[in-house]
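1. Show me how the following folds:
(one chain, ligands or ions: 4)
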Amino acid sequence: MVKHLEYTTKERVQLGLSLPVMEAFYTIQGEGAYTGQAAYFIRLAGCDVGCVWCDVKESWEQDKHPVLAVEEIVQNAKKYPGRLAIITGGEPLMHDLGPLTQKLKEEGFHINIETSGAHPLSGELDYITLSPKKFKQPVDEVYAQASEFKVVVYNKADLKWAIELSEKLSENCKLYIQPEWSKRAKITPLLVEFVKSNPEWQLSLQTHKYIDIP
Ligand SMILES: C[S@@+](CC[C@H](N)C(=O)[O-])C[C@H]1O[C@@H](n2cnc3c(N)ncnc32)[C@H](O)[C@@H]1O
Ligand SMILES: Nc1nc2[nH]cc(C(=O)O)c2c(=O)[nH]1
Ligand code: SF4
Ligand SMILES: [Mg+2]
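-> Ligands and ions are numbered 1, 2, ... in the order given. This next block holds a predicted model:
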């Protein structure tokens, strides 16, 4: 019998050949060590972490967003002059990032990921931003591989939690604390004092929100 070579959409997503994309846009990285650099953001849909203060809750339900072939995602990225791609979500590690990152690499992209670390790594990633969540904690592999650790601080107790978790990171991982956006007026002054007392940590602000760009 002849084997079917055509995959269903569901099978293509399982293999990472196609991915659900909520949005993709060319902007400036607003957070962390790459702040200020032009970047093409690919926001994959689907998240099972459920942060109460998540600023993109529309991304959570995978089925509400179109599924695109990775070739199409990369063709769209290539329309812009920058060659920094940032894969975010939703939780991008819920998907197999092998085929997408392979195509991006073929086109000369440097690839960063924004992740909660709640699922194992996949694909070829140049820079891993781990932003841990109490709602579903990171797996050990992501702690070990993280380039940058970016803890969103919603209340004062989160600072103690950030220090405890940072024990699991590699020695050269950069450490950031970032105010939760709705609490920024109250929390930012605390974070300034924290960084002054703990200079191995740096302050990350969501600068894109202050200047009202995507
Ligand atoms: C929307 S998440 C998507 C990627 C991944 N799910 C994660 O949480 O890292 C992108 C970044 O925004 C941060 N973030 C989300 N909501 C935020 C908020 N209300 N205030 C500050 N940072 C927030 C996350 O912690 C993460 O670093
Ligand atoms: N400009 C800009 N920078 C960002 N850095 C991380 C973002 C994200 O939502 O993952 C983000 C975003 O949504 N916009
Ligand atoms: S893990 Fe990221 S996308 Fe998912 S709910 Fe938390 S902040 Fe939002
Ligand atoms: Mg964002």
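2. Please make it C-alpha for all contacts and neighbour counts, starting now.
-> Noted.
3. immediately after the helix ranked longest in the chain, which helix or strand?
-> Taking DSSP state H as the criterion, the chain has its longest helix at helix 184-197. Using DSSP states H and E, the next helix or strand after helix 184-197 towards the C-terminus is strand 201-203.
4. Quick one: mean pLDDT over the next helix or strand after that next one.
-> Next helix or strand after strand 201-203 toward the C-terminus (DSSP H and E): helix 207-210. For helix 207-210, mean pLDDT rounds to 98.
5. cool, and stretch 72-92?
-> 99.
6. Extract the CA atoms of that stretch and return them as PDB.
-> Extracted in PDB, the C-alpha atoms of stretch 72-92 (Å, rounded to 0.1, in the frame of the first residue of the first chain):
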ATOM      1  CA  GLU A  72       6.100  31.400   5.300                       C
ATOM      2  CA  ILE A  73       7.000  32.700   8.800                       C
ATOM      3  CA  VAL A  74      10.700  33.100   7.700                       C
ATOM      4  CA  GLN A  75       9.800  34.700   4.300                       C
ATOM      5  CA  ASN A  76       7.800  37.300   6.200                       C
ATOM      6  CA  ALA A  77      10.800  37.900   8.600                       C
ATOM      7  CA  LYS A  78      13.200  38.400   5.700                       C
ATOM      8  CA  LYS A  79      11.200  41.400   4.400                       C
ATOM      9  CA  TYR A  80      12.900  43.600   7.100                       C
ATOM     10  CA  PRO A  81      16.600  44.500   7.300                       C
ATOM     11  CA  GLY A  82      17.200  43.200  10.800                       C
ATOM     12  CA  ARG A  83      18.600  39.700  11.400                       C
ATOM     13  CA  LEU A  84      17.600  39.300  15.000                       C
ATOM     14  CA  ALA A  85      14.600  37.100  15.500                       C
ATOM     15  CA  ILE A  86      12.900  36.800  18.800                       C
ATOM     16  CA  ILE A  87      10.600  33.800  19.300                       C
ATOM     17  CA  THR A  88       8.000  34.500  22.000                       C
ATOM     18  CA  GLY A  89       4.400  33.700  22.800                       C
ATOM     19  CA  GLY A  90       2.400  32.300  24.400                       C
ATOM     20  CA  GLU A  91       4.800  29.800  25.600                       C
ATOM     21  CA  PRO A  92       7.000  29.000  22.500                       C
END
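7. if we look at it, which residues are touching it?
-> The contact list for stretch 72-92 (C-alpha atoms under 8 Å, 6 or more residues apart in numbering) reads 22, 26, 38-49, 56-57, 59-60, 100, 103-104, 107-116.
8. same check, this time on stretch 207-214
-> 25, 27-31, 35.
9. For those residues, give me a markdown table that also has secondary structure, neighbour count and pLDDT.
-> Below are these laid out as a markdown table (DSSP: H, G, I helix; E, B strand; the rest coil; neighbours: other C-alpha atoms under 10 Å; pLDDT from 0 to 100):
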| residue | secondary structure | neighbour count | pLDDT |
| --- | --- | --- | --- |
| Phe25 | strand | 15 | 99 |
| Thr27 | strand | 16 | 99 |
| Ile28 | strand | 18 | 98 |
| Gln29 | coil | 21 | 99 |
| Gly30 | coil | 22 | 99 |
| Glu31 | coil | 18 | 99 |
| Thr35 | coil | 16 | 99 |
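10. Ser122 and Met94 touch, don't they?
-> No: applying C-alpha atoms under 8 Å as the test, Ser122 and Met94 come out as separate, 9.3 Å apart.
11. what about these two, which has more around it?
-> Met94 (21 against 15; other C-alpha atoms under 10 Å).
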